[in-house]
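J.: mind looking at a prediction? Sequence and model below.
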Amino acid sequence: MSEKRELVYLCKCGGEISKKIDLDRVAGVISSEVERVVTVPMLCIPEVLNSLPEEISGFTHVIFGACTPKRIEGTLREVAKKAKINPFLIHVVNLREQCAWVSRNVELATDKAIHLMRGGLNRIRLHEPLEEKYVDANPDVAIVGAGVAGSLAAITLSEDTRRTVHLIEKNPYIGGRIITYELLTPNLVCARCLIAPMIEDIFGRPNVRVHTCAEVVSAKGSLGNFQLRILQKPRYVDVDRCMGCGVCTEVCPVRVENDHEYGMKERGAIYFPYPGVLPNVPVVDENCLHAEGCRRCIDSCAFGAINFEEKAREITLRCGAVILAQGFSAYPVRDEPRIFTSPKFERILARDGPTGGKILLPDGEKPKSIAIIHCAGREELGYCSRICCSVALKYSRMIHEQLPECAIHHIYTDLVLPNPSEWKLYDEVSRIANFHRRLMGSEVRVSGTDKKVVVEYRGEKGDRRLTVDAAVLMCGIAPPREIEKTAEMLDFILNEYGFPRATDMMTSPVEISPGVAAAGGVLGPCSVGESVQQAMAAASMVLSKLRYGEKLPMEPTACTIIKERCSGCRICIALCPYGAISYDEDEGVCVIDEAFCKGCGICASACPAGAIKARHYTTEQIFAEIEGITGCANP
Amino acid sequence: MCEPVIVTFCCNHCSYEAADRAGGARKKYPEGVRIIKVPCTGRVEPEFILKAFKCGAEGVLVLGCRPGGCHFKIGNYKAYGRCLLLRKTFRSVGIEEERIRFDWIDANEDERFVKILSEFAEKLRQLDSRLRRNRLDLSS
């Protein structure tokens, strides 16, 4: 490298710095150590910034004594680029926020400023030009869960036909929980009408690959480059050949509880998950008697679509981003004849449900009184699930419409109705239903006998007891069961309630780790409307960070291992939070994959051989800075 | 009066931001404080701390993000552990372990940042006067 030519810029900051720091004294002291010192009244005004590239070109190292680097370093690095100086060969010393503004005394502040400048000078002499490197990024996106959030994200992202969207769904159908609902609260709009066109749209898009009966078994990578392994269970029915006539489902000799209807209906071992399902193809479950020699469905199929040779498949997907939208799980789960959990009651109300939308008790009678218990599971979960009150009001409205004589009792602790239109619904319902307040912290006991359900709770006027024909438990929203495994695979953190934690609750509410976003119930209690908002937010995060045909910048300050010094002890591998370090068996040394390194330097501090170089924060640079700021040149 | 030199390692994401905010609010803190920016407190090698003492620092502060708030997930915990170990080593060789302090600080805690610095400077002054007293005792 040719001769070092160092230039120092001192900014007066319109007096903010110069009235506390005697910049002439600073300039005087350091002018002997560098080629030139320039004092400017204000560095960041356009007049100065525009002429700056010309002024600094020709110098090799430029050091600025100015405000905080957080504010100005980015601008000055751009200036450096214009002056054909590597942006890492400039350095900003924080003379304003960390010196002028926090000092009481001009004398001491000036001393401090001299020391800080010396630290910066010592450091920049050891700076190396760093390259801005780029890595190829895969524009494809994997979406886990095909409910309303996942489906909407898939539709939004697949508008760019150059991008492939993989929609991974563990059920044999797509649509998620919302297809089990009849109406949506608070405006009582048709749920099917919202999701059905979306499902159809997805199947019509060539760049959306739907993987049903599939689960993610392993994942690795970061924004731009993920690798997912998914396991797809066999459906035993050829999706391309099947016409969806349903003859096979009628001849099946097996009868089992239909889990889609929460056991309120039966189905065969080969069945349609629900009427009008898409893809309109039946699926075979583990109750099938084929192993025992039953061939009835095979014989009944005119299209030869049933194939028991099918095996579980493992598929490897490569993508640049992942959106988690696998929904929530309902808590608590209770199964008693006259006590309905809210997901089960949705099916009672649904026109395509087991009773055709008629509210009937297991004995076929119409109930004369129903208790709706709010906040079931709230104490155990430790939080309010936010949407259940509104859903409970919806139930009231729907029950009253069908059975105007039926007495409806709401047992609630607080009414949580954050949306103005929910208050409109409450106004209506308060005229048709009875509201009973249960005291916080008191238990509500719901016990079913043969014909009646007894509800006991502590109200404002002491212990109360209510006997009704049926009870509905408003279940809380709990994290999906497999979330811990997913968190481990995709490297994100769960909050104290077990939901994924956003990287920043305020400014990045759907991003949970680099390249991984979440939307809908998986993030915590939310309404359908909020799920949709989060899905759009997740999609826009992906769109802004993963642009087709564009590479992603790599961290220029990524760490690197000096091969000659590495003993192969592998301490660093265990420490790296990003799994960026691997062991090279052939060479017997560790290697850092700079595409994954974020430059934190945790490994560098731990390396017993000093073999890891944390670029821009090397041990030599920090030592030199310490010598400068303490004023101790030769310890 | 001579101000004790305090070398302070601040992580780029939390404590350096807190320091800037303290400055922005024109809060005054001891003049001897010298801040070194590191990408993460996990980058602070025990050798850096030793080097600071070797260069004449009276105390060294390492300010990491709040638990769970580390931009690099675990860097603050590693730094905490390393500081603890170094403190133990200091004690074993008869140097006041209080000269090293690790603390957790969020980007918005400028008030606490100033408080930590002032307390630490005060502590160092006490240590210093105790040292001087002991020396006097020895010489008499």
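T.: Okay, I see it.
J.: tell me the secondary structure at the most centrally placed residue in chain B.
T.: Geometric centre of chain B, nearest residue: B:Leu61, 0.9 Å, by CA atoms, centre = their mean. Using DSSP: H, G, I helix; E, B strand; the rest coil, the structure places B:Leu61 in strand.
J.: I'd like the distance between it and B:Thr41.
T.: In this view, B:Leu61 and B:Thr41 are 10 Å apart by CB to CB, to the nearest Å. Heads up, the C-betas are built off the backbone N, CA and C, glycines and all.
J.: overlap of the contact sets of these two?
T.: By CB atoms under 8 Å, 6 or more residues apart in numbering or on different chains, B:Leu61 and B:Thr41 have these common neighbours: B:Phe9.
J.: how far off centre is the helix or strand of chain A with the lowest mean pLDDT?
T.: None of the helices or strands of chain A scores lower by mean pLDDT, DSSP states H and E than strand A:445-448, at a mean of 82. Going by CA atoms, centre = their mean, to the nearest Å, the spacing between the C-alpha centre of strand A:445-448 and its chain's C-alpha centre is 38 Å.
J.: what's the average pLDDT for the longest helix along chain B?
T.: When chain B is parsed with DSSP state H, its longest helix is helix B:110-139. Mean pLDDT, helix B:110-139: 87.
J.: for stretch A:161-172, same thing?
T.: Confidence over stretch A:161-172 (mean pLDDT, whole number) is 95.
J.: distance between it and the chain's centre?
T.: On the basis of CA atoms, centre = their mean, stretch A:161-172 sits 17 Å off its chain's mean C-alpha point.
J.: nearest residue to the residue nearest to the centre of chain B in space, please, no chain neighbours.
T.: B:Thr8 (4.3 Å; CB to CB, 6 or more residues apart in numbering or on different chains).
J.: who's in contact with that neighbour?
T.: B:Ala19, B:Val33, B:Arg34, B:Ile35, B:Ile36, B:Val60, B:Leu61, B:Val62, B:Leu63, B:Leu117.
J.: what about the fourth one, neighbour count?
T.: Neighbour count for B:Ile35, taken as other CB atoms under 10 Å in any protein chain shown: 23.
J.: now swap in A:Met440 and tell me
T.: Residues near A:Met440, counting by other CB under 10 Å, number 11.
J.: next, it: phi, psi?
T.: phi -60, psi 140 (degrees, to the nearest 10).
J.: what's near enough to touch it?
T.: A:Thr413, A:Asp414.
J.: separation between it and chain B?
T.: To chain B, A:Met440 is 29 Å away according to CB to the nearest CB, to the nearest Å.
J.: same question for A:Arg501.
T.: Separation of A:Arg501 from chain B (CB to the nearest CB) stands at 8 Å.
J.: one more: A:Cys566?
T.: 17 Å.
J.: for the nearest residue to A:Glu97 once chain neighbours are set aside, helix, strand, or coil?
T.: Using CB to CB, 6+ apart and skipping the chain neighbours, the partner closest in space to A:Glu97 is B:Gly23 (3.0 Å). At B:Gly23 the chain is in helix, as set by three-state DSSP.
J.: point out where the chain drops to low pLDDT.
T.: Looking at chain A here, since you left the chain open. The model of chain A has pLDDT under 70 over residues A:1-2, A:633-635.
J.: sorry, should have said chain B
T.: Scanning chain B for pLDDT under 70 picks out the ranges B:1-2, B:138-140.
J.: mind listing the helices for it?
T.: Counting by DSSP H, residue ranges of the helices within chain B are B:15-24, B:46-54, B:75-92, B:110-139.
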